Structure formats: structure tokens, C-alpha cells
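K.L.:
Here is my input; please provide its structure:
(one chain, ligands or ions: 1)
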Amino acid sequence: MTAYAPYAVTAHNRGPRVHPESGPRWRDEFQRDRDRIIHCSAFRRLEYKTQVFVNHEGDMFRTRLTHSLEVAQIGRSIARALGLNEDLTEAIALAHDLGHTPFGHAGQTALNACMQDFGGFEHNLQSLRVVELLESRYPDFPGLNLLFDTREGILKHCSVINARRLGDLGRRFLEGGQASLEAQIANVADEIAYNHHDMDDGLRAGLLDLERLRGHPLHAEVEREVLQRWPRLDAKRLRHTVIRGMLNHFVSDVIGSTLAAITGFGIASLEDVRRERRPLLRFTPEVHAAHLELKRILRHELYEHPKVMEMAARSQTIVRDLFEIYMNDGAELPEGPVFTSPEAQARAVSDYIAGMTDRFAMAEHARYRGHSAPE
Ligand code: MG
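P.N.:
Predicted coordinates:
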């Protein structure tokens with residue numbers, strides 16, 4: 001048995017499943033959640049969903065699937081170092097993007113705009129909807145029937161209106177307090193993962209200017225150290241070594257700084273974690289500033305790059321058109337037109353579009369528009 005820290009989520013203090021089940025025989029409950037997530041169809045579809053670059057733009061770029069695996073890996077390292085529940089952290093990390101639309105954030109923005117009169121669309125809530133309702137694989141319940149702690153971690157943020165209808169899961173957004181440390185780790189691991197893999201993808205795609213990154217103080221410091229040790233390193237190895245060095249720096253910092261906060265705030269139990277209003281997962285102030293600066297550079301140089309924006313505009317048109325097509329003709333939906341209200345139809349359309357891979361959305365769009373999809 002793993003020795004957990006007293007503030008970890010464990011078999012003794014975990015929350016319930018929505019539908020009671022007998023325990024697994026060889027695995028623990030957290031492994032069961034992780035395994036259910038890996039077996040679900042929304043997880044497999046992450047392979048063909050955009051992270052930053054649309055899926056067909058190149059085989060080397062991250063997809064939502066490889067992004068989620070990197071989040072899980074970083075999350076596990078932090079969880080292990082802090083004596084926390086690695087399986088729970090991994091389950092949350094693997095599930096955190098299940099509700100993402102095709103075409104990354106451009107897709108979500110477009111779908112949210114389409115859904116304005118019908119309660120909106122938010123990928124976080126959609127991830128929860130996938131595991132609570134949309135996956136249909138088990139005879140006794142809808143969704144995956146995951147533990148409270150896994151679902152709590154998936155719900156990273158939430159509006160007050162939505163929090164009110166989510167019961168126990170929404171309480172912390174109304175009353176203050178926080179999710180488990182495992183959930184907070186998955187959240188930080190997500191940010192560390194995309195900052196670093198987007199640097200790598202952006203440089204490889206030739207969209208991100210290395211000189212601009214060299215203006216980042218930590219990038220400059222790590223590159224200097226690497227070149228001191230390996231003065232003749234080729235550009236590719238240099239890029240990987242610098243990015244790896246930066247990633248290690250952020251991960252080490254968050255571990256040390258979080259341990260100091262846990263001790264400093266007198267956190268001695270999971271209840272203490274949930275009651276505490278100050279974030280426990282944290283960087284030191286200098287590294288936090290470096291983290292924000294990296295995000296700023298990536299936003300300006302990569303996410304707002306004309307090429308990325310152009311693809312985003314095209315994908316928003318696809319999502320908007322598909323929404324209109326299915327709203328006008330419910331018979332085009334897999335379940336057919338069986339809706340009791342425009343809201344119910346809009347939600348079914350939104351679920352259908354959100355579940356699409358990039359290429360399926362493009363093929364569907366091309367089919368309706370009467371031209372062929374890009375290769
Ligand atoms: Mg993510």
C-alpha cells in the first residue's frame with residue numbers, strides 16, 4: 001500500500017459514486033475511474049481533436065490526446081512528490097478535456113455563441129456531462145459513474161447559475177473553498193503542459209520566433225546553462241533540452257512552494273484542503289511571474305498568429321454552419337428529431353457537435369455544402 005500524506009484523497013475519505021456499486025476486485029476505486037476514462041469513446045476521439053494546430057496540419061503536433069497524456073504524466077510526478085493520490089490525479093488529467101469541441105478554443109467560442117439563448121457551452125461542464133451522461137456503455141447507469149472526487153476535479157470552474165444546479169459538486173463555487181490537492185495538481189499540470197508543448201510545436205511549425213522566446217528570463221537562463229555544458233549542441237537537441245529544463249524548473253518550484261504552503265497554513269487533512277480559501281498549489285512569486293510571461297508570449301506570438309487565426313476563423317464557420325443545419329433539421333441528428341423544446345434540441349445539437357473530431361466535422365460540413373473535405 002502506498003503511504004499517503006494525511007491530506008490526500010484515499011479509500012477512507014473519498015466521496016461516493018452517484019449510483020452505488022460493489023468495489024472492484026483487483027484494482028482500487030481510483031484505478032477503476034482511470035480505466036473507465038481510458039475505455040470511453042470520448043477519450044479515443046481526443047486523438048483527432050485540435051490542441052492548437054488543426055489535426056491534419058501535421059503528424060508531429062500535439063493533439064488533445066497527447067496533451068492529456070502529458071498533463072497526466074506531469075500530474076503524477078507532482079502527486080507522487082507530495083504524497084498524494086497519483087491514480088486520482090491521473091484520472092482527472094485524462095478526463096479534463098473530454099468535453100472539448102473540435103478545433104480547440106475556436107470551436108468552443110463558436111459553439112458557445114451558437115448556444116447563447118440556450119444556456120451556453122463551456123468545455124469544462126461538457127467534460128462533466130460526458131462522464132455523467134453522454135457516454136453510454138454500462139447497463140446500470142448513464143455515463144461512467146465516476147467518484148465524486150474525480151468529477152469534482154473535472155469541474156475546474158463554473159458559473160454561479162450552473163453551480164446552483166450541480167448540488168454537492170457546485171458547492172465550493174458558492175461557498176468558497178477548494179477542490180482536493182489532486183484536482184489542483186491536474187489544473188496546474190494542464191498549464192505547465194500546454195505552455196511547454198506549445199513552445200515546442202510553435203517553434204517546430206516556424207510560427208513562434210525563437211528570438212522572442214529568448215527574451216523570456218527563464219528561457220534565457222536555462223539556455224545559457226545548457227550551452228555552457230554542451231556548447232556545440234545542435235538546434236533540435238538545444239530546443240528540447242531548454243524546454244525540458246524549463247519544465248523541470250516549473251515542476252520543482254510548484255512542489256517546493258506547495259509543500260511550504262501546506263506546512264505554513266497548517267493543512268493536516270483533506271477537510272483542511274477543501275476549507276482553505278487560499279490556493280495551495282502555487283509557484284513562488286518569481287516563477288509565477290515567469291509562468292504568466294510565458295503564457296503572454298504564447299498568446300501574442302502563437303495563438304494570435306495570423307495563420308492560427310485564419311484556421312480558427314474557418315473552423316468557427318464550420319461549427320456555426322453545422323449548428324444551423326442541425327437546428328433547422330433535427331432529422332440530421334443521429335437520434336432524429338425527438339425533441340420536446342428548442343432548448344432540448346439545441347443541447348442535443350451542441351452535444352453532437354462537441355463530440356465530433358476535427359475531420360468528422362469537416363467531412364460533415366463538406367457533405368452539406370456539397371464539396372469535398374480537405375485531405
Ligand atoms: Mg487541457
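
K.L.:
tell me what whichever helix or strand His219 is part of is packed against?
P.N.:
Assessed by DSSP states H and E, His219 sits inside helix 217-229. For helix 217-229, the packing partners by 3 or more Cβ pairs under 8 Å, 6 or more residues apart in numbering; DSSP states H and E come out as helix 210-214, helix 235-264, helix 285-298. No exception for glycine: its C-beta is placed from N, CA and C like everyone else's.

K.L.:
Any idea which helix or strand in the protein has the lowest mean pLDDT?
P.N.:
Scoring the helices and strands of the chain by mean pLDDT, DSSP states H and E places helix 160-165 at the bottom, with a mean of 89.

K.L.:
so who does the closest residue to the ion within the stretch 1-150 of the chain touch?
P.N.:
Of all residues in the stretch 1-150 of the chain, the one sitting closest to the ion is Asp97 (4.6 Å; Cβ to the ion). Under the criterion of Cβ atoms under 8 Å, 6 or more residues apart in numbering, the neighbours of Asp97 are 46, 49, 64, 67-68, 123, 127.

K.L.:
Which ones among the residues you listed lie within helices?
P.N.:
64, 67-68, 123, 127 (DSSP state H).

K.L.:
In the chain, where is pLDDT below threshold?
P.N.:
1-2, 54-59, 371-375 (pLDDT under 70).

K.L.:
what does it have sitting close to the ion?
P.N.:
Proximity of the chain to the ion (Cβ under 5 Å from the ion) is limited to residues 97, 190.

K.L.:
mind giving me the domain split of the chain?
P.N.:
29-308, 309-369 (automatic domain parsing).

K.L.:
Deepest in the core, which of those domains is it.
P.N.:
A comparison of those by mean neighbour count, using mean count of other Cβ atoms under 10 Å, puts domain 29-308 on top with a mean of 19.

K.L.:
Start and end of that one, how far apart?
P.N.:
End-to-end span of domain 29-308 (Cα to Cα, to the nearest Å): 41 Å.

K.L.:
What is the helix or strand harbouring Thr317 packed up against?
P.N.:
Using DSSP H and E, Thr317 maps to helix 306-328. Contact here means 3+ Cβ pairs under 8 Å, 6+ apart; on that basis helix 306-328 packs against helix 104-114, helix 342-354, helix 358-369.

K.L.:
Would you pull up how far stretch 137-153 lies from the middle of the chain?
P.N.:
18 Å (Cα atoms, centre = their mean, to the nearest Å).

K.L.:
what's it in contact with?
P.N.:
So stretch 137-153 is contacted by 9, 14-19, 21, 29-30, 33, 36-37, 39-41, 88, 91-92, 95-96, 128, 130-136, 168-169, 172, 179-180, 182-183, 186 (Cβ under 8 Å, 6+ apart).

K.L.:
got the contact list for the nearest residue to Ser41 once chain neighbours are set aside?
P.N.:
Excluding the flanking residues, the one nearest Ser41 by Cβ to Cβ, 6 or more residues apart in numbering is Glu135, at 6.8 Å. By Cβ under 8 Å, 6+ apart, the residues touching Glu135 are 40-42, 142-144.

K.L.:
what's the distance between Glu135 and Lys307?
P.N.:
To Lys307, Glu135 is 35 Å away according to Cβ to Cβ, to the nearest Å.

K.L.:
Thr101 too?
P.N.:
Thr101 sits 20 Å away from Lys307, taking Cβ to Cβ as the criterion.

K.L.:
again with Asp200
P.N.:
Asp200 sits 17 Å away from Lys307, going by Cβ to Cβ.

K.L.:
same question, Pro142
P.N.:
The gap separating Pro142 from Lys307 is 41 Å, by Cβ to Cβ.

K.L.:
Repeat that for Gln345.
P.N.:
Going from Gln345 to Lys307 by Cβ to Cβ gives 36 Å.

K.L.:
likewise Leu88?
P.N.:
Leu88 sits 39 Å away from Lys307, going by Cβ to Cβ.

K.L.:
cool, Arg299 as well?
P.N.:
Remark: distance between Arg299 and Lys307 (Cβ to Cβ) = 15 Å.

K.L.:
thinking again about what came up before, how far off helix 285-298 does the helix holding His219 point, in degrees?
P.N.:
Going by axes from the mean of the first three to the mean of the last three Cα atoms, to 10 degrees, helix 217-229 is angled at 100 degrees with respect to helix 285-298.

K.L.:
can you state the direction angle for helix 217-229 and helix 235-264?
P.N.:
Using the same axes, to 10 degrees: helix 217-229 against helix 235-264 is 120 degrees.

K.L.:
Can you list phi and psi of His157 for me?
P.N.:
Torsion angles at His157 (phi, psi; degrees, to the nearest 10) stand at phi -140, psi 170.

K.L.:
so what's the residue nearest to it when sequence neighbours are not counted up against?
P.N.:
Of all residues not flanking His157 in the chain, Asn124 sits nearest, at 6.1 Å (Cβ to Cβ, 6+ apart). By Cβ under 8 Å, 6+ apart, the residues touching Asn124 are 99, 154-158.

K.L.:
now, which of these lie within helices?
P.N.:
Of those, the ones assigned to helices by DSSP H are Ile154.

K.L.:
Pipe the contacts of Asn124 into JSON lines and attach distance to Glu364 per row.
P.N.:
Listed next are the contacts of Asn124 as JSON lines, based on distance: Cβ to Cβ, whole Å:
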{"residue": "Gly99", "distance to Glu364": "19"}
{"residue": "Ile154", "distance to Glu364": "27"}
{"residue": "Leu155", "distance to Glu364": "29"}
{"residue": "Lys156", "distance to Glu364": "29"}
{"residue": "His157", "distance to Glu364": "30"}
{"residue": "Cys158", "distance to Glu364": "30"}
